[in-house]
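[1] Take this sequence and fold it.
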Amino acid sequence: MFQKIIRFSVRLVQRWLPEPFVFAIILTLVAALLAMPICRQSPLEVLGHWGGGIWNLLSFAMQMALVLLCGSTLASAPVIKRSIRRLAALPKTPVSAIAMVTLVAAVACWINWGFGLIVGVIFAKEIARQVRGVDYRLLIASAYSGFVVWHAGLSGSIPLTMATPGDSLAAATNGVLTSPVPITETIFNPYNCLIVLAVVLALTAVNALMHPKRDIVTVDPSLLAADDAADHQPFGDPTPAQRMDRSPLLAWAVSLLGLAYLTLHLGWQGGAFDLNMVILLFLSLGILCYGTAQSYVRAFASAAAGAAGIILQFPFYAGIMGIITGVGESGICFGTVISNACIAISTPVTYPLLTFLCAAVLNMFVPSGGGHWAIQAPVMFAAGADLGVDPGLTGTAIAWGDAWTNLIQPFWALPALAIAKLNAKDIMGFCLIDLLVSGIIICSGLLLWAI
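    Next up is the predicted model:
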């Protein structure tokens, strides 16, 4: 029976889910058409919001492209590939391979979402090379499923923003939060930790059970072929320029420079291990592992095609965010309308659950933690305070909603899909099952927390 449900889910997604870029276009049109009657905005106002927002994620798009390219290049370094290969040799059966990938990816994403998103799929790809008979689609879906816990982990943008002192916190919440909310009340709250643990264990078991008994789709060996980034030796005596290109001293110098700054920033200065630090870590270790600038440049160029989807789609999601957050002459914001609809039917017990579902809906249009904070913080914390709901619970509910529907929103899957060389419809059928299972656990956990 369970396998029939899985096959139905996979066929459903294969039949109806368009390419991620087409999905972004459809979401753009849906957001625009809804904003006009709901927010009483004219077509010109909606067009202005879309055009005004379309370039607002350029810096973030560059960060995502770099985390993908630097992570992929690092994983292709011979010394890293050998280490991953040894770890990937541990599982001996397809079921154990699926379970191990899920667990490793989830733990890595809880530590840092950018790190986990890349490491999980690279690890899955290596396991596909070694474990015979494993379904490649499910393997990559399992690696991506671990991403659902990121916003409840150490790199969760909303919990970390709530824990940061300053006037911006009070301004973002319309004066509701005048002092920081420590991460002991959000990330390390016992209820949140219990939800994370339950989700990780459930996904590990469910993903393993989803492995098909028949119609297994194994990977084309050509997709897993290792790229050769070896240096090409020049004929005759090398020129001074060629010596510099192949100098290990220059590569080591810039690598150690980056690692030294990371040590200073994270250790002595107590800075955050944010996405910029993840990129710098991948970049510094990558250059160090390749040994020369020339080798690193060639490997990086080989990985560059994988960033095409990110570069193309980010402006469209920024435009959608502009529509959702835009306020016209009516003074009505689309995101605020959705939040207010949630508040109108809430009680102190159901408020966190409805906040979670509201954030989940918004995440389909605005798949960004920062975007959720800008839309929901001014409204949801004020309503939560009126109902007597703990602000740590309100913030955590928003964070879980932001992360949950990433399982069926192909936006965040782009880096994983680029590395795996798959399409979104190849993995989203499995992710749909993960969405239902994790949703039941998260909703139950938030209700227990609120009671």
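[2] C-alpha only now, for contacts and for neighbours.
    OK.
[3] Would you mind listing the residues in contact with H372?
    Taking C-alpha atoms under 8 Å, 6 or more residues apart in numbering as the criterion, H372 is in contact with 359, 362-363, 366, 398, 402.
[4] how long is stretch 128-135 end to end?
    Counting by C-alpha to C-alpha, to the nearest Å, the length from the leading to the trailing residue of stretch 128-135 is 8 Å.
[5] hang on, the earlier thing: check the contacts of H372 and tell me the two furthest apart.
    With C-alpha to C-alpha as the measure, no two of those lie farther apart than V366 and I398, at 12.8 Å.
[6] And the contacts of H372, which is closest to D167?
    D167 has its nearest neighbour among the contacts of H372 in I398, at 21.1 Å by C-alpha to C-alpha.
[7] and that closest one, what element?
    helix 391-404 (DSSP states H and E).
[8] what do you get for C342?
    Secondary structure here is read from DSSP H and E; on that basis C342 sits in helix 334-344.
[9] now for that helix, which elements pack on it?
    Contact analysis of helix 334-344 by 3 or more C-alpha pairs under 8 Å, 6 or more residues apart in numbering; DSSP states H and E lists helix 20-38, helix 308-325, helix 351-365, helix 369-387 as its packing neighbours.
[10] Which of the contacts of H372 scores worst on pLDDT?
    By predicted confidence, the contacts of H372 are weakest at V366, whose pLDDT stands at 80.
[11] Run a quick neighbour tally on it.
    The burial count assigned to V366 is 27, neighbours taken as other C-alpha atoms under 10 Å.
[12] Now do the contacts for it.
    317-318, 320-321, 324, 372.
[13] A360: neighbour count?
    As a measure of burial, A360 has 24 neighbours, counting by other C-alpha under 10 Å.
[14] wouldn't it be in contact with A397 here?
    No - between A360 and A397 no contact is recorded; they are 9.7 Å apart, counting by C-alpha atoms under 8 Å.
[15] could the helices and strands packed on helix 334-344 be laid out in CSV, adding distance to W268?
    Conversion of the helices and strands packed on helix 334-344 to CSV gives the following (distance: least, C-alpha to C-alpha, whole Å):
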stretch, distance to W268
helix 20-38, 42
helix 308-325, 34
helix 351-365, 36
helix 369-387, 27
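[16] can you tell me which of the ones you listed the model trusts least?
    Averaging pLDDT over each of the helices and strands packed on helix 334-344 singles out helix 369-387 as the lowest, with a mean of 84.
[17] That helix: which residues count as buried?
    Judged by neighbour count (16 or more other C-alpha atoms under 10 Å), helix 369-387 contains these buried residues: 369, 371-373, 375-384.
[18] quick one: which of those residues is nearest A202?
    In terms of C-alpha to C-alpha, no member of those lies closer to A202 than G369, at 24.4 Å.
[19] check contacts around that closest one.
    Neighbouring residues of G369 by C-alpha under 8 Å, 6+ apart: 157-158, 399, 402.
[20] quick revisit: deepest-packed of the helices and strands packed on helix 334-344, please.
    Of the helices and strands packed on helix 334-344, the one with the most neighbours on average (mean count of other C-alpha atoms under 10 Å) is helix 351-365, at a mean of 24.
[21] other SSEs contacting that helix?
    Judged by 3+ C-alpha pairs under 8 Å, 6+ apart, helix 351-365 is in contact with helix 308-325, helix 334-344, helix 369-387, helix 391-404, helix 424-450.
[22] want to try JSON lines for those, with distance to A163 as columns?
    Listed next are the helices and strands packed on helix 351-365 as JSON lines, based on distance: least, C-alpha to C-alpha, whole Å:
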{"stretch": "helix 308-325", "distance to A163": "24"}
{"stretch": "helix 334-344", "distance to A163": "23"}
{"stretch": "helix 369-387", "distance to A163": "13"}
{"stretch": "helix 391-404", "distance to A163": "10"}
{"stretch": "helix 424-450", "distance to A163": "20"}
